[in-house]
Structure formats: structure tokens, C-alpha cells
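Chemist: Any chance you could fold what I've pasted below:
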Amino acid sequence: MSLIAENYLESTRKQFTYYKSLGDKTFAQLSDEEIHWQQNDDSNSVAIIVKHIVGNMLSRWTNFLTEDGEKEWRHRDTEFEDTYTSKAEMITAWEKGWRCLFAAIDPLEAKDVSRIIYIRNQGHTVMEAMTRQLSHYAYHIGQLVYVGKLIRGNEWTSLSIPKGKSSTYNTDKFSKEKGKRHFTDDL
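Modeler: Predicted coordinates:
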């Protein structure tokens with residue numbers, strides 16, 4: 001189990017890093033005004049999605065192994081109120097959330113993946129909790145990217161393989177020597 005657990009931790013760290021990079025690359029394409037754009041009153045802006053992700057991260061990863069992941073100080077409903085005054089303020093919060101996450105997972109060892117932690121008073125192994133959060137963030141970061149694409153339209157720079165370019169991309173990949181596992185390639 002030790003090797004599987006070590007591989008899981010390494011893989012999950014790489015996946016978190018990859019999804020963070022998608023958010024970073026989306027923000028780079030948006031202006032201060034564009035982060036607040038909403039298609040309608042029931043949809044979320046990039047700023048609101050980020051605020052929710054950050055609130056979740058701070059709650060889930062603060063004292064990850066010793067406290068319930070749903071902190072008493074978290075007010076989830078307010079995460080859906082657009083309060084960032086600038087893109088810089090939003091990115092500062094985004095970075096704080098990711099620092100909290102990596103500070104919690106970087107020290108983890110293989111023996112930790114089967115430990116039980118709690119989220120809303122329900123037990124999860126560390127592996128289950130990490131997978132749960134990775135899936136949650138991937139879901140919302142996909143929303144960020146999609147909203148960014150809606151805002152930028154034809155000015156959007158693709159973060160993956162552009163439409164109609166799969167053959168070119170694959171030809172390039174297969175023309176190279178087989179490499180080690182790498183999780184930052186386009187999915």
C-alpha cells in the first residue's frame with residue numbers, strides 16, 4: 001500500500017497544480033471589469049467562483065488532519081456575494097487558498113492516506129477527502145475557464161488543444177521519445 005499511497009499523493013499534488021494553472025491562465029486573459037461579468041442574476045462571475053473556491057480551501061485545509069473541514073468561522077453563503085474590488089485582490093485571495101492547500105498536503109506521507117478526517121462531521125480517509133476536493137476544484141475551475149471563454153469570445157487563447165488541432169498536437173506528441181508520467185499535458 002505504501003507505493004500506491006506515495007503515487008497517489010504525488011499524482012494528486014500534480015493535479016492540484018495543474019488545475020491551479022488553468023485558473024491562473026484564465027485570470028491572465030481577463031480585466032478587472034471582466035472578472036465581475038455574469039451572464040444573468042443566477043450565474044456566478046469569475047470573482048464569485050474564486051471567492052467560493054477560496055472559502056472552501058481555507059475551511060477544508062486549515063488544520064486538515066485535526067479539525068473538521070467545515071469550520072465554524074466559514075460563512076459559505078457570503079462566498080456567493082461579489083466583494084472583490086480588483087483582479088489583484090481576487091488573485092491575492094486565490095493564492096492564499098492555494099498556499100493553505102499545499103501547506104496541508106505537502107507534508108503528507110503514505111501512512112497518512114488512510115487516516116480518518118471529518119468534513120461536516122462525516123468521516124473520510126485522507127485519500128477520499130483529497131479526491132473529493134480535487135473533484136470539487138476541477139468542477140469550479142472548469143466553470144472559470146468556460147466563463148472566461150464566454151467573456152473573451154474569439155480573443156480567448158485556448159488552455160488546451162484548440163479546436164481542429166488534435167491531429168497536429170498528437171503528431172507532435174508521438175514524434176517524441178516516450179517520457180515519464182506527466183499530468184500537466186492537456187486532457
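
Chemist: pLDDT weak spots in the protein?
Modeler: 1, 180-187 (pLDDT under 70).

Chemist: Nearest residue to the middle of it?
Modeler: In the chain, the residue lying closest to the centroid (Cα atoms, centre = their mean) is Tyr137, at 4.0 Å.

Chemist: Not counting sequence-adjacent ones, nearest residue to His136?
Modeler: What sits nearest to His136 in space, not counting adjacent residues and going by Cβ to Cβ, 6 or more residues apart in numbering, is Asn56, at 6.8 Å. Just so you know, the C-beta spots here come from the backbone N, C-alpha and C atoms, and that holds for glycine as well.

Chemist: Please, which helix or strand holds that neighbour?
Modeler: helix 46-61 (DSSP states H and E).

Chemist: Give the other helices and strands that that helix contacts.
Modeler: helix 2-28, helix 87-105, helix 126-152 (3 or more Cβ pairs under 8 Å, 6 or more residues apart in numbering; DSSP states H and E).

Chemist: one step back: which residue, neighbours along the chain excluded, lies closest to the residue nearest to the centre of the chain?
Modeler: Nearest to Tyr137 is Tyr19, by Cβ to Cβ, 6+ apart, at 5.6 Å.

Chemist: these two touch, right, that neighbour and Tyr139?
Modeler: No - between Tyr19 and Tyr139 there is no contact, the gap being 9.9 Å when judged by Cβ atoms under 8 Å.

Chemist: Mind checking which of the two has more residues around it?
Modeler: When Tyr19 is set against Tyr139 and neighbours are counted by other Cβ atoms under 10 Å, the residue ahead is Tyr19, at 21 against 11.

Chemist: and that one, how far is that from Arg120?
Modeler: Noted for Tyr19: a distance of 23 Å to Arg120, by Cβ to Cβ, to the nearest Å.
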